[in-house]
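>>> Sequence and predicted model, in that order:
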Amino acid sequence: MLTHMLKAKLHMARVTHAVLNYEGSCAIDGELLDMSGIRENEQIQIYNVENGQRFTTYAIRAEEGSRMISVNGAAAHLASEGQRVIICSYAMYTDAELEAHQPALVYLQEGNAVSHTSNAIPVQLA
(Lines give C-alpha, C1' and ligand atoms only; values in the text may rest on other atoms or scores of the structure.)
Protein backbone atom coordinates (compact mmCIF):
# COMPACT_ATOMS: atom_id res chain seq x y z
CA MET A 1 0.00 0.00 0.00
CA LEU A 2 1.14 3.56 -0.70
CA THR A 3 0.37 6.51 1.55
CA HIS A 4 0.22 10.09 0.24
CA MET A 5 2.42 12.20 2.57
CA LEU A 6 3.85 15.69 2.82
CA LYS A 7 7.22 15.72 1.03
CA ALA A 8 8.23 19.39 1.30
CA LYS A 9 6.92 22.76 2.44
CA LEU A 10 7.95 26.39 1.93
CA HIS A 11 6.19 28.05 4.86
CA MET A 12 5.06 31.70 4.67
CA ALA A 13 6.64 32.57 1.33
CA ARG A 14 5.90 36.08 0.11
CA VAL A 15 4.64 36.36 -3.49
CA THR A 16 7.06 38.64 -5.34
CA HIS A 17 5.36 38.54 -8.75
CA ALA A 18 1.91 37.65 -10.12
CA VAL A 19 2.11 37.43 -13.92
CA LEU A 20 -1.22 36.79 -15.60
CA ASN A 21 0.08 36.68 -19.18
CA TYR A 22 2.44 33.78 -18.66
CA GLU A 23 2.21 30.15 -19.67
CA GLY A 24 1.44 29.07 -16.11
CA SER A 25 3.15 27.61 -13.07
CA CYS A 26 4.97 29.05 -10.07
CA ALA A 27 8.58 30.22 -10.39
CA ILE A 28 10.52 29.56 -7.18
CA ASP A 29 14.06 30.66 -6.35
CA GLY A 30 16.32 27.76 -7.36
CA GLU A 31 18.04 27.76 -3.96
CA LEU A 32 14.66 27.33 -2.24
CA LEU A 33 13.75 24.51 -4.63
CA ASP A 34 17.00 22.70 -3.89
CA MET A 35 16.73 23.24 -0.14
CA SER A 36 13.17 21.89 -0.05
CA GLY A 37 13.70 19.07 -2.54
CA ILE A 38 10.89 20.33 -4.77
CA ARG A 39 11.79 19.50 -8.36
CA GLU A 40 11.25 21.50 -11.51
CA ASN A 41 7.88 20.62 -13.07
CA GLU A 42 6.74 18.88 -9.87
CA GLN A 43 3.11 19.35 -8.92
CA ILE A 44 2.70 21.70 -5.98
CA GLN A 45 -0.19 22.93 -3.88
CA ILE A 46 -0.30 26.61 -2.96
CA TYR A 47 -2.30 27.82 0.03
CA ASN A 48 -2.89 31.58 0.16
CA VAL A 49 -2.78 32.64 3.81
CA GLU A 50 -4.29 36.06 3.00
CA ASN A 51 -7.48 35.00 1.18
CA GLY A 52 -7.85 31.25 1.75
CA GLN A 53 -7.46 30.29 -1.92
CA ARG A 54 -5.94 26.83 -2.47
CA PHE A 55 -4.75 25.74 -5.89
CA THR A 56 -2.58 23.29 -7.77
CA THR A 57 0.16 24.16 -10.25
CA TYR A 58 3.74 23.08 -10.93
CA ALA A 59 7.11 24.48 -9.93
CA ILE A 60 9.60 26.07 -12.30
CA ARG A 61 13.07 27.29 -11.40
CA ALA A 62 13.65 31.00 -10.87
CA GLU A 63 17.09 32.54 -10.66
CA GLU A 64 19.15 31.27 -7.71
CA GLY A 65 19.34 33.84 -4.92
CA SER A 66 16.52 35.95 -6.38
CA ARG A 67 14.10 34.99 -3.56
CA MET A 68 11.42 35.03 -6.28
CA ILE A 69 8.02 33.44 -5.79
CA SER A 70 6.10 34.22 -8.99
CA VAL A 71 2.54 32.95 -9.36
CA ASN A 72 1.85 32.82 -13.08
CA GLY A 73 -0.99 32.36 -15.55
CA ALA A 74 -4.53 31.81 -14.29
CA ALA A 75 -3.18 31.29 -10.76
CA ALA A 76 -2.21 35.00 -10.72
CA HIS A 77 -5.93 35.63 -10.05
CA LEU A 78 -5.57 33.64 -6.80
CA ALA A 79 -2.43 35.17 -5.28
CA SER A 80 -1.21 38.75 -5.58
CA GLU A 81 2.19 40.31 -5.11
CA GLY A 82 2.88 40.76 -1.41
CA GLN A 83 0.57 38.01 -0.18
CA ARG A 84 1.86 35.17 2.00
CA VAL A 85 1.52 31.61 0.74
CA ILE A 86 2.43 28.11 1.84
CA ILE A 87 3.80 25.92 -0.95
CA CYS A 88 3.65 22.14 -0.47
CA SER A 89 4.53 19.04 -2.43
CA TYR A 90 3.38 15.54 -1.63
CA ALA A 91 4.61 12.07 -2.60
CA MET A 92 3.53 8.46 -2.28
CA TYR A 93 5.49 6.28 0.13
CA THR A 94 5.47 2.58 0.92
CA ASP A 95 5.10 1.45 4.53
CA ALA A 96 8.82 0.63 4.55
CA GLU A 97 9.73 4.11 3.27
CA LEU A 98 7.51 5.71 5.91
CA GLU A 99 9.72 4.26 8.66
CA ALA A 100 12.39 6.88 7.82
CA HIS A 101 10.32 9.53 6.03
CA GLN A 102 10.71 13.11 7.20
CA PRO A 103 9.38 16.06 5.18
CA ALA A 104 11.70 18.94 4.28
CA LEU A 105 10.24 22.04 5.93
CA VAL A 106 11.69 25.44 5.00
CA TYR A 107 10.45 28.41 7.03
CA LEU A 108 10.74 31.84 5.41
CA GLN A 109 10.82 35.36 6.80
CA GLU A 110 10.54 38.76 5.14
CA GLY A 111 12.22 38.94 1.76
CA ASN A 112 11.84 35.15 1.45
CA ALA A 113 15.05 34.67 3.41
CA VAL A 114 15.28 31.32 5.17
CA SER A 115 14.52 31.59 8.86
CA HIS A 116 15.14 27.93 9.67
CA THR A 117 14.52 24.39 8.46
CA SER A 118 13.03 21.35 10.14
CA ASN A 119 11.86 17.83 9.47
CA ALA A 120 8.92 17.79 11.87
CA ILE A 121 5.89 19.99 12.40
CA PRO A 122 5.50 20.86 16.10
CA VAL A 123 2.64 19.22 17.98
CA GLN A 124 -0.34 21.57 18.12
CA LEU A 125 -1.24 22.34 21.71
CA ALA A 126 -4.75 22.92 23.01
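On my side now, so go ahead. Source: prediction; values computed, not measured. Numbering: from 1, shown residues only.
>>> Now do the strands in the protein.
For the chain, the strands defined by DSSP state E cover 2-14, 17-19, 26-29, 43-48, 54-62, 69-72, 84-94, 104-108, 114-118.
>>> Quick one, which of those strands gets closest to Met35.
strand 104-108 (5.4 Å; Cβ to Cβ). The C-beta positions use only the backbone N, C-alpha and C, and glycine is treated the same way.
>>> follow-up on the earlier one: distance to Leu125 and mean pLDDT for the strands of the chain - can I get that in TSV?
As requested, these are exported to TSV (distance: least, Cβ to Cβ, whole Å; pLDDT from 0 to 100):
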stretch	distance to Leu125	mean pLDDT
strand 2-14	18	98
strand 17-19	35	97
strand 26-29	31	98
strand 43-48	22	98
strand 54-62	25	97
strand 69-72	30	98
strand 84-94	20	98
strand 104-108	18	98
strand 114-118	17	97
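>>> Save these as JSON lines, and put in distance to Gly37 and mean neighbour count too.
Shown next, in JSON lines, are the strands of the chain (distance: least, Cβ to Cβ, whole Å; neighbours: other Cβ atoms under 10 Å):
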{"stretch": "strand 2-14", "distance to Gly37": "5", "mean neighbour count": "18"}
{"stretch": "strand 17-19", "distance to Gly37": "23", "mean neighbour count": "17"}
{"stretch": "strand 26-29", "distance to Gly37": "12", "mean neighbour count": "24"}
{"stretch": "strand 43-48", "distance to Gly37": "12", "mean neighbour count": "18"}
{"stretch": "strand 54-62", "distance to Gly37": "11", "mean neighbour count": "17"}
{"stretch": "strand 69-72", "distance to Gly37": "17", "mean neighbour count": "24"}
{"stretch": "strand 84-94", "distance to Gly37": "8", "mean neighbour count": "18"}
{"stretch": "strand 104-108", "distance to Gly37": "5", "mean neighbour count": "19"}
{"stretch": "strand 114-118", "distance to Gly37": "11", "mean neighbour count": "12"}
